[in-house]
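[1] Give me a 3D structure for the following:
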Amino acid sequence: MAAPAAPPTIVTAEIHAAVASVTGSPLSVQVITVMILLGLGFVYFRFLGGKSRGLAAKAEK
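    The predicted structure is shown next:
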């Protein structure tokens, strides 16, 4: 019985590149990014989002 041939190095490199793009960033980078985005969202809604009372005033009429 013949042994299967090894895949060419180009195919192996493409597989490694695809796996790296699927796995994404490390977990620590993802956690830091989520914390920054949550902080920015909090700051927006706390300081900038509360300034607009136009929709509430129109809804009461």
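
[2] From here on, just use CA atoms for contacts and neighbour counts.
    Noted.

[3] ok, and what's touching the strand or helix carrying Gly39?
    Secondary structure assigned from DSSP states H and E places Gly39 in helix 27-43. Under the contact criterion CA atoms under 8 Å, 6 or more residues apart in numbering, helix 27-43 has no outside partners.

[4] pLDDT averaged over that helix, what's the number?
    The average pLDDT within helix 27-43 is 95.

[5] Begin at 81 from now on, thanks
    Let's use 81 as the start, then, which means that last one is helix 107-123.

[6] Buried residues in it, which are they?
    For helix 107-123, the neighbour count (16 or more other CA atoms under 10 Å) marks no residue as buried.

[7] Alpha carbons of that helix, as PDB, please.
    Output of helix 107-123 as PDB, limited to C-alpha atoms (Å, rounded to 0.1, in the frame of the first residue of the first chain):
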ATOM      1  CA  LEU A 107      -8.200  36.600  24.700                       C
ATOM      2  CA  SER A 108      -6.500  39.400  26.700                       C
ATOM      3  CA  VAL A 109      -6.700  41.700  23.700                       C
ATOM      4  CA  GLN A 110     -10.400  40.900  23.200                       C
ATOM      5  CA  VAL A 111     -11.100  41.600  26.900                       C
ATOM      6  CA  ILE A 112      -9.300  44.900  26.800                       C
ATOM      7  CA  THR A 113     -11.100  45.900  23.600                       C
ATOM      8  CA  VAL A 114     -14.500  45.000  25.100                       C
ATOM      9  CA  MET A 115     -13.700  47.000  28.300                       C
ATOM     10  CA  ILE A 116     -12.700  50.100  26.200                       C
ATOM     11  CA  LEU A 117     -15.900  49.900  24.100                       C
ATOM     12  CA  LEU A 118     -18.100  49.500  27.200                       C
ATOM     13  CA  GLY A 119     -16.300  52.500  28.800                       C
ATOM     14  CA  LEU A 120     -16.800  54.600  25.800                       C
ATOM     15  CA  GLY A 121     -20.500  53.600  25.600                       C
ATOM     16  CA  PHE A 122     -21.000  54.500  29.300                       C
ATOM     17  CA  VAL A 123     -19.300  57.900  28.800                       C
END
